[in-house]
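>>> dropping the sequence and predicted coords here.
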Amino acid sequence: MKVSKLAANLIGSEIVKIGNEVNDLKAKGAEIANLTIGDLNSNIYPIPALLKEEIQKAYQNNLTNYPPANGLLSLRKEVSKDLKTRWNLDYAPNDILITAGSRPLIYAVYKTIVDEGDKIVYPTPSWNNNHYAYLTSANAVEVKTKPETNFLPTAEDLKPHLDGAVLLALCSPLNPTGTMFTREQLSEICELVIAENKKRGADEKPLYLMYDQIYSNLTFGAEHVDPVSLFPELKEYTIYIDGISKCLAATGVRVGWGFGPAHIIDKMKALLTHVGAWAPKPEQEATAKFYENPENVNVFVEDFKGKLENSLKVLHGGIQDLKGKGLAVDSIEPMGALYLTIKLDYIGKTKPDGEVIENSSDLVFYLINDAGVALVPFSAFGEEKSEPWFRASVGGLAIDEIKVMLPKLENALNALK
């Protein structure tokens, strides 16, 4: 049956494909250490108790009609205050747009800025930029990054590609790697954006910068940096993506916010009125109440990210132990978010059944079936399937489960010849 060209050529999520395999095996009784999804086991990591109470109270008070298109004013005011106290960023409530998590914001940024054929630039690996580029018929320039720079793009990497581009998409802490820009790295990139915009005429579209900092509160010792704090003149070109999905372990609560130049935020709001991607009114009301006291956020985040950091340290330490035993593995020390970047250099090896592991996807499904370990290959984030790098998300497992998983991974890798 015929469908639209867009629908016919849309690429499905590799992460979902892997997740379906894991779910099928678990339904048959298999024990799988699921390190795939950027989500949280809510029994291990529940949302803040006060936030839950406020959500329940809002439903009891029948706050179940439409929210304003740009979000409840009470929440936008609290976000505005939090941005000022936490990052010293000055954004008025009208410069802030509340949506159902961060995905509608990213989609709206693309649709507001990018015309068909417009040049956009983003690094690989990165989360879903390839799909948003497709949905907007953009001319996508993918900039391959290197493990030596923690899979983050440098100014040198980006400089040849910014001429004529209308959007540069960056993320820190980065999904999928859990690594972060240093002040120097981001400053050099920001200087390129400023220089590029100085070249543009009044009738030309500027080079906008989309900065996804949804994991900004989940950092481990490293300093989170952002473009406008470094260069205030970037305020008219930078759109931020943020929200509670990750920092409050609230992925299913669906409250995100974007902020940036009023003319962009207003158009994003208008676009999303036709999509209906509003965060539910009770959840908005509850989030506003929760943010009224900054200590609510600070206390929860410190405890939560401490637990994540401990899990990531155990996983990173386990991979380094395997490396010390002579296995062809490595990992990059985690700096933020839920993720560990793992290298499993076993593409081209032969499985016990005689089949050759030809690419990273083959290795993923081998490990699911033979080790009970599920990872996401970097091919899900724009890299080639020949790359031996993988994302591991610790949000779904307890530390004890990670410890049990590591010997299984070791045995499965040792069985490859």
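Yep, it's here.
>>> quick one: average confidence on the helix or strand where A7 lies?
With secondary structure defined by DSSP states H and E, A7 is part of helix 5-9. Computed over helix 5-9, the mean pLDDT rounds to 93.
>>> list the buried residues in stretch 379-391.
Using 16 or more other Cβ atoms under 10 Å as the test for burial, stretch 379-391 gives S379, A380, F381, G382, E383, K385, E387, P388, W389, F390, R391. In this view, the C-beta of every residue, glycine as well, is placed from N, C-alpha and C.
>>> which residues does it contact?
13-15, 18, 35-36, 124-127, 129-130, 142, 144, 147, 151, 176-177, 339-347, 359-361, 363-364, 375-378 (Cβ atoms under 8 Å, 6 or more residues apart in numbering).
>>> change it to 7 Å
14-15, 124-127, 130, 142, 176, 339, 341-345, 347, 359-361, 375-378 (Cβ atoms under 7 Å, 6 or more residues apart in numbering).
>>> next, the distance between the ends of stretch 250-266.
Using Cα to Cα, to the nearest Å, the end-to-end distance of stretch 250-266 comes to 26 Å.
>>> just how off-centre is that stretch within its chain?
In this view, stretch 250-266 has its centroid 15 Å away from the chain centroid, taken as Cα atoms, centre = their mean, to the nearest Å.
>>> quick one: buried residues of that stretch?
Across stretch 250-266, burial judged by 16+ other Cβ under 10 Å covers 250-251, 253-261, 264-265.
>>> swap in stretch 300-317?
Of the residues in stretch 300-317, F300, V301, F304, K305, L308, E309, S311, L312, K313, V314, L315, H316 count as buried by neighbour count, 16+ other Cβ under 10 Å.
>>> near M180, how many other residues are there?
Using other Cβ atoms under 10 Å, M180 has 25 other residues around it.
>>> do the same with the one 4 residues further on
The number of residues packed around E184, counting by other Cβ under 10 Å, is 10.
>>> thinking again about what came up before, reformat the buried residues of stretch 379-391 as CSV; add distance to Y291 and pLDDT.
Shown next, in CSV, are these (distance: Cβ to Cβ, whole Å; pLDDT from 0 to 100):
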residue, distance to Y291, pLDDT
S379, 38, 95
A380, 33, 94
F381, 31, 96
G382, 34, 94
E383, 37, 96
K385, 43, 96
E387, 40, 97
P388, 42, 98
W389, 37, 98
F390, 36, 98
R391, 30, 98
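>>> on that earlier part again, just the buried subset of the contacts of stretch 379-391, please.
Among the contacts of stretch 379-391, the ones that count as buried by 16+ other Cβ under 10 Å are 14-15, 124-127, 130, 142, 176, 339, 341-344, 347, 359-361, 375-378.
>>> from the buried residues of stretch 379-391, which land in strands?
Residues of the buried residues of stretch 379-391 located in strands (DSSP state E): W389, F390, R391.
>>> quick one, what contacts the residue nearest to the second one when sequence neighbours are not counted?
Counting by Cβ to Cβ, 6 or more residues apart in numbering, the nearest residue to F390 once its immediate chain neighbours are dropped is L375, at 4.2 Å. For L375, the contact set (Cβ under 7 Å, 6+ apart) comprises L35, T36, I342, V364, L367, F390, R391, A392.
>>> so L375 versus G256, what's the distance?
Between L375 and G256 the computed distance is 26 Å (Cβ to Cβ, to the nearest Å).
>>> can you check N217 too?
The gap separating N217 from G256 is 14 Å, by Cβ to Cβ.
>>> and if you look at L413?
Counting by Cβ to Cβ, the separation of L413 from G256 is 38 Å.
>>> one more: N296?
According to Cβ to Cβ, N296 and G256 sit 18 Å apart.
>>> one more: P294?
Distance, P294 to G256, using Cβ to Cβ: 19 Å.
>>> E401 now?
E401 is 29 Å from G256, by Cβ to Cβ.
>>> low pLDDT regions in the chain?
Within the chain, no stretch has pLDDT under 70.
>>> helices along the stretch 151-300 of the chain, start to end?
Ranges of helices in the stretch 151-300 of the chain, per DSSP state H, counting those that start in this stretch, are 155-158, 183-199, 227-230, 262-273, 281-291, 294-324.
>>> hang on, I meant the stretch 301-417 of the chain
Counting by DSSP H, counting those that start in this stretch, the helices of the stretch 301-417 of the chain are 360-371, 399-414.
>>> angle of the first one against helix 399-414?
With axes from the mean of the first three to the mean of the last three Cα atoms, to 10 degrees defining the directions, helix 360-371 sits at 110 degrees from helix 399-414.
>>> most centrally placed residue in the protein?
For the chain, N175 is the residue whose C-alpha lies nearest the centre (Cα atoms, centre = their mean; 4.0 Å).
>>> which residues touch that residue?
G38, W127, A337, Y339.
>>> looking at these, which is nearest F181?
Nearest to F181 among those, counting by Cβ to Cβ, is A337 at 12.8 Å.
>>> touching, the closest one and Y215? I think so.
Yes: with contact defined as Cβ atoms under 7 Å, A337 reaches Y215; the gap is 4.0 Å.
>>> neighbour count for these two, which is higher?
Neighbour count, other Cβ under 10 Å: between A337 and Y215, A337 has more, with 30 against 26.
>>> any idea how far the closest residue to F220 other than its chain neighbours lies from A398?
Nearest non-adjacent residue to F220, counting by Cβ to Cβ, 6+ apart: E309, 4.8 Å away. To A398, E309 is 14 Å away according to Cβ to Cβ.
>>> same check on L75?
33 Å.
>>> so which of these two has more stuff around it?
Neighbours per residue, other Cβ under 10 Å: of L75 and A398, the larger number sits with L75, 27 against 15.
>>> out of the helices of the stretch 151-300 of the chain, the one nearest I241 is which?
Set against I241 and scored by Cβ to Cβ, these come closest in helix 262-273, at 11.0 Å.
>>> before I go, just wanted to say thanks for your time.
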